[in-house]
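In: below: sequence and its predicted model.
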Amino acid sequence: MTANTVRLTMAQALVRYLCNQFTEIDGQRVPLFAGVFGIFGHGNVTCLSEALEQVQDRLPTWRGQNEQSMALAAVAYAKAKRRRQLMVAATSIGPGAVNMVTAAGTAMANRLPVLLLSGDTFTNRLPDPVLQQVEHFHDPSISVNDSFRAVTRYWDRITHPAQILSSLPQAIATMLDPADCGPAFIGLPQDIQEIAYDYPVEFFAEKTWIIPRPRPSRDQVAAAAELLKTAKKPLIISGGGVRYSGAEAALADFATARGIPMAETIAGKGAVVHDHDAYIGAMGIEGTEAAREISEGADVVIAVGTRLQDFTTGSWSTFARDAQFININAARFDALKHRAVPVVGDALEAIAELDQALGDWRCDPAHMKHAKALYADWNSLLDEGQAPTNAAVPSYAQVIGVVNRAARDNDTMIAAAGGLPGETIKNWRVKSPHTFDCEFGFSCMGYEIAGGWGHAMAKAGEGTPIVMVGDGSYMLMNSDIYSSVLSGHKMIVVVCDNGGFGVINRLQTNNGIPGFNNLLKDSRVLNRDNPLHVDFVKHAEAMGAYARQCASLADLEAAMEWAQGTDRTTVLCIASDAHAWTPGGAGWYVGVPEVSERKSVREAREAQVAFREKQRQGV
């Protein structure tokens, strides 16, 4: 060691480096890594935990209950911070590592940054096979950590302590790049974590990262402007990238000034409030009838910050075959989809330059007037669907209506898989921008409660996360109710118990297949006529939460008022109808058997073939 070096173990150097990385949020310099979600075990408890323990006041470590859920909480944290501040998720080797693969896939699909650190086997191989090691006879260099290669933007395994000098900056640069953003994985072999090395002192100098805003090519902007000037019935689709760019207000102002109706993707929902002048609702399969009708007649579609997933495009059935696209995206891969005029660059910069290039062009006001009339009809349909009825069991729409009305302006609604994504996308009326998170890029069951914990951390003092979750997703992953009680991060969890996997049952039965293995009553259970339902109230109370069963919508309304005033995570449970769904939205391309003895399946196949005739061809 010299005056210009410091001798540290690889694990100590890694942690020290993370502590010295900063970012700017609204003009304030804050740590880039806000904390670590960790479960210690074989592979990280003797070296990485030793390093983290020494810096717990600067880089707090939060104890998870499940590796997947804590990494999902990190994903939600990054989303809540609009990719400007990150969390680390750290695990042991073996099952602890592969438990995080689902969360990595969720981050990858949603283009969200999280740093995943996992223990790994010994590079020297002297004690092989070690505890939890999966051996590959043809390639001894493979470990379970190689499974992360498919679901991360950056992957590395540190086989020499000096390698972090180049690997860590590249991992961070990847996570903060608007075009390449996604999770980064670094494998930490046990014998390399312990090795001391003389690291250059300058490696640990404080660094403030500035997220780049790449400006688009002038030629691309000019081409987009010329195409848009020809439009008679244009449509804007606002995606998640609009929110991450901070371009919500700019795009909304652009839509209003130019007279272009604006729809949102699932990831983009929440960029504007529900009653914004240009807004016509969400796009696609779970979207509004207003957005569907406008998209079917659109001649030019301006897609901003979206990867154009099939739920947005109705499996590419909701646009005319001759409709032309302008794709504004930081990622070239997304900008080039469907023979679009690409505008590769930051959304905020691209919108400003496109606006300037348009001069005094404005769409015929009749187009916006028609779109707003359709949206008014849609809101009337929502009002009707959310109104109380004499039904024995309320619908999702009715439950959502009660919760939505009880939510404060800065409360954030969180959902993920099952029937609630579609129902919340349609029925939830956003009161303030950036207060809606439906994870549907990966449709990850189990994200909901973990995501609520991440939002509660990220938005402390800025409203309460309201998690809406079905009984199926609750049963899959619920332990972060306990995590949030332990850590003091309050959320409200509304469990809609419809007796199984309701929405996938709908997909099954709508395609001619009898209900099978989805609802409890259709599964191989002891008593199909009266299957045992979990007492979610007692379960939540056992984890330290407050909880209440609601027998009616009136009960739920009172319970929401009570939950807003409690001092810890509060769980409300209400039975909901597994067969009542809000109408509207585009169709979906799914596989239906080409041959079947069932008439119902053959009819569903015919309907699917007819639907596919509407699909726009392209890549």
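Out: Okay, I see it.
In: any low-confidence regions in this structure?
Out: For the chain, the stretches with pLDDT under 70 are 1, 618-619.
In: domain parsing for it?
Out: 5-209, 218-376, 387-575 (automatic domain parsing).
In: for those domains, could you give me a markdown table that also reports distance to K614 and mean neighbour count?
Out: For glycine as for every other residue, the C-beta is placed from the backbone atoms N, C-alpha and C. Output for these, formatted as a markdown table (distance: least, CB to CB, whole Å; neighbours: other CB atoms under 10 Å):
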| stretch | distance to K614 | mean neighbour count |
| --- | --- | --- |
| domain 5-209 | 26 | 20 |
| domain 218-376 | 4 | 21 |
| domain 387-575 | 17 | 21 |
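In: with distance to P583 added, can I get these in TSV?
Out: What follows is those, written out as TSV (distance: least, CB to CB, whole Å):
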stretch	distance to P583
domain 5-209	28
domain 218-376	8
domain 387-575	9
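In: pretty sure T570 contacts A545?
Out: Yes: the pair T570 / A545 is scored as a contact, 6.3 Å apart, by CB atoms under 8 Å.
In: so what sits against both of the two?
Out: V493 (CB atoms under 8 Å, 6 or more residues apart in numbering).
In: quick one: which of the domains of the chain is nearest A610?
Out: Proximity to A610 (CB to CB) singles out domain 218-376 among the domains of the chain, at 10.8 Å.
In: start and end of that closest one, how far apart?
Out: 38 Å (CA to CA, to the nearest Å).
In: please state the offset of that domain from the chain centre?
Out: 21 Å (CA atoms, centre = their mean, to the nearest Å).
In: over to stretch 585-594?
Out: Per CA atoms, centre = their mean, the centroid offset for stretch 585-594 relative to its chain is 24 Å.
In: for stretch 46-56, same thing?
Out: That offset, for stretch 46-56, works out to 30 Å (CA atoms, centre = their mean).
In: repeat that for stretch 131-146.
Out: Worked out by CA atoms, centre = their mean, stretch 131-146 lies 31 Å from the chain centre.
In: do stretch 522-536 as well
Out: Chain-centre distance of stretch 522-536: 31 Å, with CA atoms, centre = their mean.
In: nearest to R605, of the domains of the chain?
Out: Among the domains of the chain, domain 387-575 sits nearest to R605 (CB to CB), with 7.9 Å.
In: measure that closest one end to end?
Out: 17 Å.
In: helix/strand/coil for the nearest residue in space to A407 that is not next to it in sequence?
Out: Of all residues not flanking A407 in the chain, I466 sits nearest, at 5.8 Å (CB to CB, 6 or more residues apart in numbering). Recorded secondary structure, I466: strand (DSSP: H, G, I helix; E, B strand; the rest coil).
In: I466 and R408 touch, don't they?
Out: No: counting by CB under 8 Å, I466 stays clear of R408, with 9.3 Å between them.
In: show me what the helix or strand harbouring V343 is packed against.
Out: Assigned by DSSP states H and E, V343 belongs to strand 341-344. Where contact means 3 or more CB pairs under 8 Å, 6 or more residues apart in numbering; DSSP states H and E, strand 341-344 is packed against helix 218-229, strand 324-329, helix 332-335.
In: please list the residues outside the second one that contact it.
Out: By that I understand strand 324-329. So strand 324-329 is contacted by 216, 224, 227-228, 241, 299-308, 334-345, 347, 350-351, 354 (CB under 8 Å, 6+ apart).
In: partner strands of the strand holding V343, with direction?
Out: strand 324-329 (parallel) (DSSP bridges).
In: just the CA coordinates of the partner strand, formatted as CSV?
Out: Presented in CSV, the C-alpha positions along strand 324-329 are these (Å, rounded to 0.1, in the frame of the first residue of the first chain):
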residue,chain,number,x,y,z
GLN,A,324,-48.1,5.7,-39.9
PHE,A,325,-46.0,5.8,-36.7
ILE,A,326,-43.6,8.4,-35.3
ASN,A,327,-41.7,6.6,-32.5
ILE,A,328,-40.0,9.0,-30.1
ASN,A,329,-37.7,6.9,-27.8
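In: which helix runs longest in this structure?
Out: The longest helix of the chain (DSSP state H) is helix 365-386.
In: just the angle for the next helix or strand after that helix relative to helix 365-386, thanks.
Out: The first helix or strand that comes after helix 365-386 along the chain, using DSSP H and E, is helix 396-406. Taking axes from the mean of the first three to the mean of the last three CA atoms, to 10 degrees, one finds helix 396-406 and helix 365-386 inclined to each other by 100 degrees.
In: CA atoms only: put the following helix or strand past helix 396-406 into CSV for me.
Out: As assigned by DSSP H and E, the chain's next helix or strand after helix 396-406 is strand 412-415. This file holds the C-alpha atoms of strand 412-415, laid out as CSV (Å, rounded to 0.1, in the frame of the first residue of the first chain):
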residue,chain,number,x,y,z
THR,A,412,-50.1,6.0,-5.0
MET,A,413,-52.2,3.1,-6.3
ILE,A,414,-50.2,-0.1,-6.9
ALA,A,415,-51.3,-3.3,-8.7
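In: and the contacts of strand 412-415?
Out: Residues from elsewhere that reach strand 412-415, judged by CB under 8 Å, 6+ apart: 76, 80, 403-404, 407, 421, 424, 428, 434-439, 448, 451-452, 455, 459, 463-469.
In: distance from the chain centre to that strand, please.
Out: With CA atoms, centre = their mean, you get 11 Å for strand 412-415.
In: what's the answer for stretch 98-112, then?
Out: With CA atoms, centre = their mean, you get 10 Å for stretch 98-112.
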